[in-house]
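> okay, sequence plus prediction incoming.
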Amino acid sequence: MELDALYQEVILDHYKHPQHKGLLSTYDAQVHHVNPSCGDEITLNLALENNSISSISWDGVGCSISQASVSIMSDLVIGKSVDEARVVLDNFVELMQSKGIKTGDPAILEDAVSLAGVSKFPARIKCALLGWMAYKDAVLSASTK
Amino acid sequence: MVMSELDVAKIRKDFPIFTRTIRDGKKLVYLDSGATSQKPQVVIDAEVDFYSKNNAAAHRGAHQLAEEATEAMESARQIVADFLAADVDEIVFTKSATESLNLLAYSYTSLITKDDSIVVTEMEHHANLIPWQQLAERTGATLKWFEVDSEGRLDLSSIDQVITEDTKIVALTHQSNVLGTINPLEAIVARAHEVGAVVVLDACQSVPHMPINVRELDVDFLTFSGHKAVGPTGVGVLWGRSELLEMLPPFLFGGSMIETVTMTSATWAPAPRKFEAGVPNMAQIVGLGAALNYLSKIGMEKIFHHEVELGAYLIKRLSTIEGLRIIGPQHMQARGGTVSFTFGDIHPHDLGQYLDAQGIAVRTGHHCAWPLTRKLGVPATTRASLYFYNDESDVDALIDGIIGAKKYFGRS
């Protein structure tokens, strides 16, 4: 059933136990993103050290897909260099745009492959991308500081 | 048991969409008529017939087809006028209710000054908020509003402080698209007229659902969209008192709205033509005529009664679900069959997605009324909106779906 492909256990787990949620007071960039079609919101703080992501913290409201996705993303990119993280981000965006064709490379995307099912539901892709776009914006703003 | 004079099973046969299935063979349970209604075959046929037999540019040309197109469009205008108990020259066709409200807000630009105030309410759809907010911005006028209480009703306790001597326009919804609340117009209209303000009524959620008589409502402008009243998309109606339409400057300029034109000046045709620049959406207008005739044949009193009865059943059944919170009035007094709710910690998008997998169409999110949902402290809700083609089985399917969602999302 397609619904089960959308709501995998790992997604519901991240939704119930979100990682890196709660804003840290030190950061290099803070961004606020909203999904105007549904009202989901996220604030994301990001800190860089030697061109690596030293911390991400966030707070937000939204559906299980948007909240789990930002939780998974934070876990994935913290500790990576900006360039390594860009590969992860590009892979994830490609997966979301695949209309259910791609399953994602677990070596690169790890838990984020559980979001592959989202790509079959056009209305939900924006939910999954909300946190990732916030990250992209934050890293750009922190790097150009 | 829902007491209704309508034969819903028979009515559903008029709507071809109910013969299709959803998500691997599930029966379609359509509870999203507040967003848009489904279309009976007579409406689809009316559009097809217009294009197949009568298509030409209305009000232009003297050939037979142009005459027929004009006649078809003007007959529809008469149907709309009769439906609202209005005069035919007071009916302006627009492409949507949103356009109607923008038309008014733009046309009023030169008539509003920084010393004036414009009044709205906290429960407005963005389409009846932003045009006025921006009119205030353009003119320097003050925007004021009625607040919504925790029950989802307008707080009229300070009506004399909200509508004041400087108020020129009071714009509000007849029935909230989120809460289902039917607003008490009498006191607001009386106060507005006392200070010489006009009342603009967003009737998108009332014209399709109850008998409407613009003279009895005593408002000054009223708008609704065709597609929420079993009509086509691409057609909206603006009704205005004839003396106000005569006084208002046009909004869109172009073909067919003029009386005379020189290279440097122009004068305007009388209303409603003054407000209908360009070749109109004729097929959609004709389709709207067919839609309103269809609704009249069923009977607006019966439709309203059916929705109130079914709404009471919906609220009663929703109230039995633990963790479910209805956002808006909890009983059917001054309320229509649109019910928003939250459900424990299951986010509305997730609930909506689960319901969709069962063939149930509901709306989720802020419903284009973000200030309202923010005020009520709910970033998003799930909304079920009923129409005359819904019955108890649709409500039962929704209840089963909500209970199923609890099990589904509680699994890990």
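Everything's here; your move. As the structure is a computational prediction, the values presented were derived from the model and not from experiment. Residues are numbered from 1 along each chain as shown, chains lettered A, B, ... in the order given.

> quick check: which ranges of chain B have low pLDDT?
Residues of chain B meeting the criterion pLDDT under 70: B:1, B:411-412.

> hmm, A:Leu115 and A:Thr103 touching each other?
No - at 10.8 Å, A:Thr103 does not count as touching A:Leu115 under the criterion of CB atoms under 8 Å. (Each C-beta comes from the backbone N, C-alpha and C, glycine too.)

> ok, the two, which is more surrounded?
Counted by other CB atoms under 10 Å in any protein chain shown, A:Thr103 and A:Leu115 do not tie: A:Leu115 has more neighbours, with 29 against 13.

> which residue, other than its chain neighbours, is closest to the more buried one?
Using CB to CB, 6 or more residues apart in numbering or on different chains and skipping residues adjacent in sequence, the residue nearest A:Leu115 is A:Ala128, 5.2 Å away.

> count the residues that sit near the residue in the stretch 101-250 of chain B that chain A sits nearest to.
Using CB to the nearest CB, the single residue of the stretch 101-250 of chain B nearest to chain A is B:His126, 10.4 Å away. Neighbour count for B:His126, taken as other CB under 10 Å: 16.

> pull up the gap between it and B:Ser107, please.
Here the distance between B:His126 and B:Ser107 works out to 20 Å (CB to CB, to the nearest Å).

> next one: B:Ala334
For B:Ala334 relative to B:Ser107 (CB to CB), the value is 32 Å.

> leaving out sequence neighbours, find the closest residue to B:Asp356.
B:Arg23 (6.6 Å).

> tell me the phi and psi of the one you found?
phi 40, psi 80 (degrees, to the nearest 10).

> just the strands in chain A please.
Shown for chain A, the strands assigned by DSSP state E span residues A:29-35, A:40-49, A:52-61.

> surely the residue nearest to A:Leu115 touches A:Ser66?
Yes - A:Ala128 is in contact with A:Ser66 according to CB under 8 Å; the separation is 6.9 Å.

> chain B contacts on chain A?
With CB under 8 Å from any CB of the partner chain as the criterion, chain A meets chain B at residues A:1-3, A:6-7, A:9, A:12-13, A:16, A:37-41, A:61-65, A:121, A:124, A:127.

> out of those residues, which sit inside helices?
If you go by DSSP state H, the residues of chain A next to chain B have A:Glu2, A:Leu3, A:Leu6, A:Glu9, A:Leu12, A:Asp13, A:Lys16, A:Ser64, A:Ile65, A:Cys127 in helices.

> wait, A:Lys136 touches A:Leu89, no?
Yes - between A:Lys136 and A:Leu89 there is a contact under CB under 8 Å: 6.2 Å.

> ok, the residue of the stretch 1-150 of chain B found nearest chain A - contacts?
Nearest residue of the stretch 1-150 of chain B to chain A, counting by CB to the nearest CB: B:Arg23, 7.8 Å away. For B:Arg23, the contacting residues are A:Glu2, B:Asp356, B:Ala357, B:Gln358, B:Gly359, by CB atoms under 8 Å, 6 or more residues apart in numbering or on different chains.

> which residues in the stretch 101-250 of chain B form helices?
B:130-139, B:159-162, B:185-194, B:214-217, B:242-247 (DSSP state H, counting those that start in this stretch).

> so of those, which one's packed in deepest?
Across the helices of the stretch 101-250 of chain B, averaging neighbours per residue (mean count of other CB atoms under 10 Å in any protein chain shown) puts helix B:130-139 on top, at a mean of 19.

> gap between it and the chain center?
21 Å (CA atoms, centre = their mean, to the nearest Å).

> using PDB, write out every CA atom in it.
Extracted in PDB, the C-alpha atoms of helix B:130-139 (Å, rounded to 0.1, in the frame of the first residue of the first chain):
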ATOM      1  CA  ILE B 130      -6.000  41.300   1.600                       C
ATOM      2  CA  PRO B 131      -7.900  43.500  -0.900                       C
ATOM      3  CA  TRP B 132      -9.100  45.700   2.000                       C
ATOM      4  CA  GLN B 133      -5.800  45.600   3.800                       C
ATOM      5  CA  GLN B 134      -4.100  46.800   0.600                       C
ATOM      6  CA  LEU B 135      -6.800  49.400  -0.100                       C
ATOM      7  CA  ALA B 136      -6.000  50.800   3.400                       C
ATOM      8  CA  GLU B 137      -2.300  50.600   2.500                       C
ATOM      9  CA  ARG B 138      -2.900  52.500  -0.800                       C
ATOM     10  CA  THR B 139      -5.100  55.200   0.700                       C
END
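
> same for that helix, what does it pack against?
Judged by 3 or more CB pairs under 8 Å, 6 or more residues apart in numbering or on different chains; DSSP states H and E, helix B:130-139 is in contact with helix B:97-107, strand B:117-121, strand B:142-146.

> now these in JSON lines, with distance to chain A?
Below are the helices and strands packed on helix B:130-139 laid out as JSON lines (distance: least, CB to the nearest CB, whole Å):
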{"stretch": "helix B:97-107", "distance to chain A": "16"}
{"stretch": "strand B:117-121", "distance to chain A": "20"}
{"stretch": "strand B:142-146", "distance to chain A": "20"}
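
> where's the residue of the stretch 201-350 of chain B found nearest chain A, which helix or strand?
The minimum distance from the stretch 201-350 of chain B to chain A, using CB to the nearest CB, falls at B:His349 (3.7 Å). Using DSSP states H and E, B:His349 sits within helix B:348-357.

> listing request: residues of chain A with sub-threshold pLDDT.
A:1.

> what residue in it comes nearest to chain B?
A:Cys63 (3.7 Å).

> residue 47: neighbour count?
Let's take chain A. A:Ala47 has 18 nearby residues by other CB under 10 Å.

> my bad, chain B
B:Glu47 has 21 nearby residues by other CB under 10 Å.

> then B:Pro379?
20.

> dihedrals phi and psi, it?
phi -60, psi -30.

> quick one: contacts for it?
B:Pro379 sits in contact with A:Gly39, A:Asp40, A:Glu41, A:Val61, A:Gly62, B:His366, B:Thr373, where contact means CB under 8 Å, 6+ apart.

> closest to B:Arg12 among the residues you listed?
Nearest to B:Arg12, judged by CB to CB, of the contacts of B:Pro379 is B:His366 at 30.6 Å.

> the closest one is in contact with A:Cys38, isn't it?
Yes - applying CB under 8 Å as the test, B:His366 and A:Cys38 come out as touching, 7.2 Å apart.

> can you work out which residues contact both of these two?
B:Ala380.

> among the ones in helices among the residues of chain A next to chain B, name the buried ones.
A:Leu6, A:Leu12, A:Asp13, A:Ser64, A:Ile65, A:Cys127 (16 or more other CB atoms under 10 Å in any protein chain shown).

> grab the nearest non-local neighbour of the first one.
This points to A:Leu6. A:Gly117 (4.3 Å).

> how close does that neighbour get to B:Ser33?
30 Å.

> higher neighbour count, those two?
B:Ser33 (26 against 21).

> my read: B:Ile360 touches B:Leu398, true?
Yes - between B:Ile360 and B:Leu398 there is a contact under CB under 8 Å: 5.9 Å.

> pull up the overlap in contacts between those two.
B:Val29, B:Leu31.
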